[in-house]
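# Sequence first, then the predicted structure, then my questions.
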Amino acid sequence: MRHAPSSTAARHLPEDPAFDPDTCIDFEVADTPPPAIHADRRRGRGAGLNMSGRFERQSREIFDDGWESIEDLPPFRTEVQEERARTIITRNESPDISFDRSINPYRGCEHGCVYCFARPTHAYMGLSPGLDFESRLFAKPNAAELLERELSKPGYSPRTIAIGTNTDPYQPIERQWKIMREILEVLDRCNHPLGIVTKSALVTRDIDILSKMAERGLVKVALSVTTLDRKLARTMEPRASTPEKRLSAIRALSDAGIPTSVMVAPVVPALTDSEMEAILTAAHDAGASEAGYILLRLPLEVSPLFRDWLLRNRPDRYQHVMNILRSMRGGKDYDAEWGKRFRGQGPYAQHLGRRFTLAARRLGLNRRRFKLSADAFIAPQKGGVQLALF
């Protein structure tokens, strides 16, 4: 049985840093992933492994010692722990990212997408990027209070805040915690622009706020659609909204006057890449006006997790998927070089890019990019900032 060493209990990231797994030191991964956790214990989850994080001094795995005690272990259940953050706005200086600040209301994500590039963040908590990432979650109930305080600081310069770029703000636990809605209420009052990326139809719950912000040019929403195959989505991103519900969310948002786009992300070569045109067409028909795509990224612990998933769910595609992916990543599972990490390189990557460009042009997507405005920003007056003495 795996236990996190007690010495890691207090290891935390700085209050929601601009985490980018591509800037971390990589580590060696075996070509064959370790044995998967028993299916009954991980039912409804995306990852099949729960290996120790890369910072742990000891690596522990579950195995059957012949006494059948492994069958008595309980299934993984979602646990949520409150985290009293000290700051909430994350900054980044990555040259290939269009925003310089973001907010993450939660650590970990119950959607359980096996390919999620944010999984390595859980290693900083002394937890596994595998099943722990999607079952042992952290919520920041003071996020809205912190946001109001940070926006009211003297000298704050408003620019678009991105939400959903790491973990999904509309994951299932948002129904109970409502942290994202509280954040929206603060941004709405302050006339602060934001962009949202999500895989959840729960975003439609907040149409009342989002539509008012859209009238002032303050918000745009992107729905990520990986595949239109419901069965494939069920195994690859088990607790995210179904593809049909995501398309319905695009329609509902668009009908409410909210600028909406679709992200074909991630594109998995030899598995979902053939659906690119179909996804763009379906999203366009639902009302999306903009689109983008991102190639599958496998930084750090994500690589063995994804390869294990492939071996269990698509063993006939394993070699084909990995060979094509490596041909776009310089022979490796992943290449973190800025400017290449999102699209890859080589003939296959160029072909994907050309297909996307032609399909988007044919459908009229990206014909006009909706630009958000920060001109009407009003700093909060009760943000809790200490007043100067002189």
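Here it is on my side, so go on.

# Is Gly53 in contact with His122, as I believe?
Yes. Using Cβ atoms under 8 Å, Gly53 makes contact with His122 at a distance of 6.7 Å. No exception for glycine: its C-beta is placed from N, CA and C like everyone else's.

# wait, Met263 sits on Ile294?
Yes. Between Met263 and Ile294 there is a contact under Cβ under 8 Å: 6.8 Å.

# between those two, which one's more packed in?
Per other Cβ atoms under 10 Å, whichever of Met263 and Ile294 has more neighbours is Met263, with 21 against 16.

# how near is the more buried one to Ala288?
10 Å (Cβ to Cβ, to the nearest Å).

# And Ala336, by the same measure?
29 Å.

# And the two? Which one has more around it.
Ala288 (27 against 17).

# Quantify the burial of the residue nearest to the more buried one when sequence neighbours are not counted by counting its neighbouring residues.
In space, Ala288 comes closest to Val262 once its chain neighbours are excluded; the distance is 4.6 Å by Cβ to Cβ, 6 or more residues apart in numbering. Applying other Cβ under 10 Å, we find 26 residues neighbouring Val262.

# can you pull the contacts of Val262?
Contact analysis of Val262 by Cβ atoms under 8 Å, 6 or more residues apart in numbering lists 222-225, 250, 279-280, 283-284, 288, 290-292.

# redo that, cut-off 10 Å
Neighbour list for Val262: 222-225, 246-247, 250, 279-280, 282-284, 286-293, 365 [criterion: Cβ atoms under 10 Å, 6 or more residues apart in numbering].

# Equivalent analysis for Gln81, please.
Arg107, Gly108, Met125, Arg136, Leu137, Phe138, Ala139.

# Next, give phi and psi for the third one.
Met125 has phi and psi values of phi -100, psi 10 when expressed as degrees, to the nearest 10.

# helix, strand or coil for the spatially closest residue to Asp132 that is not a sequence neighbour?
The spatial neighbour of Asp132 that comes closest, neighbours along the chain excluded (Cβ to Cβ, 6+ apart), is His122 at 5.7 Å. When classified by DSSP: H, G, I helix; E, B strand; the rest coil, His122 comes out as helix.

# From Asn166, how far out is His122?
Going from His122 to Asn166 by Cβ to Cβ gives 11 Å.

# Equivalent analysis for Asp132, please.
From Asp132 across to Asn166, the span is 16 Å (Cβ to Cβ).

# which residues of the chain fall in helices?
131-135, 143-151, 174-177, 179-190, 207-215, 230-236, 243-255, 276-286, 302-313, 318-328, 347-363 (DSSP state H).

# Can you lay out those helices as CSV showing mean neighbour count?
Formatted as CSV, the helices of the chain follow (neighbours: other Cβ atoms under 10 Å):
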stretch, mean neighbour count
helix 131-135, 27
helix 143-151, 21
helix 174-177, 16
helix 179-190, 20
helix 207-215, 17
helix 230-236, 16
helix 243-255, 20
helix 276-286, 19
helix 302-313, 22
helix 318-328, 17
helix 347-363, 15
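
# For those, give me a markdown table that also has distance to Ala376 and mean pLDDT.
Shown next, in a markdown table, are the helices of the chain (distance: least, Cβ to Cβ, whole Å; pLDDT from 0 to 100):
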| stretch | distance to Ala376 | mean pLDDT |
| --- | --- | --- |
| helix 131-135 | 38 | 97 |
| helix 143-151 | 13 | 97 |
| helix 174-177 | 27 | 98 |
| helix 179-190 | 9 | 98 |
| helix 207-215 | 11 | 98 |
| helix 230-236 | 39 | 97 |
| helix 243-255 | 22 | 98 |
| helix 276-286 | 30 | 98 |
| helix 302-313 | 40 | 97 |
| helix 318-328 | 43 | 98 |
| helix 347-363 | 31 | 98 |
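
# I'd like the ones you listed as JSON lines, with distance to Arg84 appended.
Below are those laid out as JSON lines (distance: least, Cβ to Cβ, whole Å):
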{"stretch": "helix 131-135", "distance to Arg84": "21"}
{"stretch": "helix 143-151", "distance to Arg84": "10"}
{"stretch": "helix 174-177", "distance to Arg84": "14"}
{"stretch": "helix 179-190", "distance to Arg84": "13"}
{"stretch": "helix 207-215", "distance to Arg84": "25"}
{"stretch": "helix 230-236", "distance to Arg84": "34"}
{"stretch": "helix 243-255", "distance to Arg84": "32"}
{"stretch": "helix 276-286", "distance to Arg84": "39"}
{"stretch": "helix 302-313", "distance to Arg84": "29"}
{"stretch": "helix 318-328", "distance to Arg84": "40"}
{"stretch": "helix 347-363", "distance to Arg84": "43"}
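
# which one of the ones you listed lies closest to Pro380?
helix 143-151 (4.7 Å; Cβ to Cβ).

# May I have that closest one as CSV, with CA atoms only?
In CSV, the C-alpha atoms belonging to helix 143-151 read as follows (Å, rounded to 0.1, in the frame of the first residue of the first chain):
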residue,chain,number,x,y,z
ALA,A,143,-10.7,33.0,-3.2
ALA,A,144,-13.2,35.8,-3.8
GLU,A,145,-12.1,37.7,-0.7
LEU,A,146,-8.5,37.5,-1.7
LEU,A,147,-9.3,38.5,-5.3
GLU,A,148,-11.1,41.7,-4.1
ARG,A,149,-8.1,42.5,-1.9
GLU,A,150,-5.6,42.0,-4.7
LEU,A,151,-7.7,44.1,-7.2
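
# Pull the distance from it to the chain's centre.
Distance of helix 143-151 from the chain centroid (Cα atoms, centre = their mean, to the nearest Å) equals 22 Å.

# which helices and strands sit right next to that helix?
strand 89-91, strand 101-103, helix 179-190 (3 or more Cβ pairs under 10 Å, 6 or more residues apart in numbering; DSSP states H and E).

# could you dump these to TSV with distance to Lys153?
What follows is those, written out as TSV (distance: least, Cβ to Cβ, whole Å):
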stretch	distance to Lys153
strand 89-91	10
strand 101-103	13
helix 179-190	12
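
# Walk me through which strands the longest strand along the chain pairs with, and which way each runs.
With secondary structure taken from DSSP state E, the chain has its longest strand at strand 260-267. Take DSSP bridges as the rule and strand 260-267 pairs in its sheet with strand 219-224 (parallel), strand 290-295 (parallel).
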